[in-house]
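Enquirer: Structure, please.
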Amino acid sequence: METLTTDIIPPRKGTKQEKLVVLLCRKTGATLEQISERLGWQRHTSSAAMTGLKKRGYKIERVSEGGKTSRYIIRAPVTT
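Expert: I've put the predicted structure just below:
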């Protein structure tokens with residue numbers, strides 16, 4: 001299981017990136033569809049935003065639910 005590094009760069013308060021981190025920190029994480037719906041983004045934008053979080057030091061775990069659906073989860077607590 002991946003955890004967060006101590007060198008993360010948190011998103012600014014009140015931004016969609018902060019909302020994305022909150023969604024991914026939930027116990028169940030979030031699917032691309034849930035992220036896209038909640039934030040008003042297209043799927044490719046949601047994927048790109050998660051890539052951006054990874055570049056900022058977040059460790060995002062992908063959990064396959066079978067078929068084509070996957071959940072994305074940040075397992076360690078994050079302080080933003």
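Enquirer: what ranges do the helices span in this protein?
Expert: Assigned by DSSP state H, the chain shows helices spanning 16-25, 32-39, 43-55.
Enquirer: now for those, which one comes closest to I74?
Expert: helix 16-25 (4.4 Å; C-beta to C-beta). (C-beta placed from N, C-alpha, C; glycine too.)
Enquirer: How about residues contacting that closest one?
Expert: 10-12, 29-30, 34-35, 38-39, 41, 46, 49-50, 52-53, 58, 60, 72-74, 77-78, 80 (C-beta atoms under 8 Å, 6 or more residues apart in numbering).
Enquirer: Residues touching stretch 37-45, excluding its own?
Expert: K16, K19, L20, L23, A30, L32, E33, I35, S36, S46, A49.
Enquirer: and what of stretch 63-76?
Expert: 1-4, 21, 24-26, 28-32, 35, 50, 58-62.
Enquirer: how about that stretch: buried residues?
Expert: R71, Y72, I73, I74, R75 (16 or more other C-beta atoms under 10 Å).
Enquirer: Tell me the buried residues within the contacts of stretch 63-76.
Expert: Buried members of those, counted by 16+ other C-beta under 10 Å: 4, 21, 24-25, 29-32, 35, 50, 58-61.
Enquirer: quick one: least confident of those residues?
Expert: On pLDDT alone, L4 ranks lowest of the buried ones among the contacts of stretch 63-76, at 47.
Enquirer: contacting residues around the nearest residue to I35 once chain neighbours are set aside?
Expert: Once flanking residues are discounted, I35 sits nearest to S46: 4.4 Å by C-beta to C-beta, 6 or more residues apart in numbering. By C-beta under 8 Å, 6+ apart, the contact set of S46 is L20, L32, I35, S36, L39.
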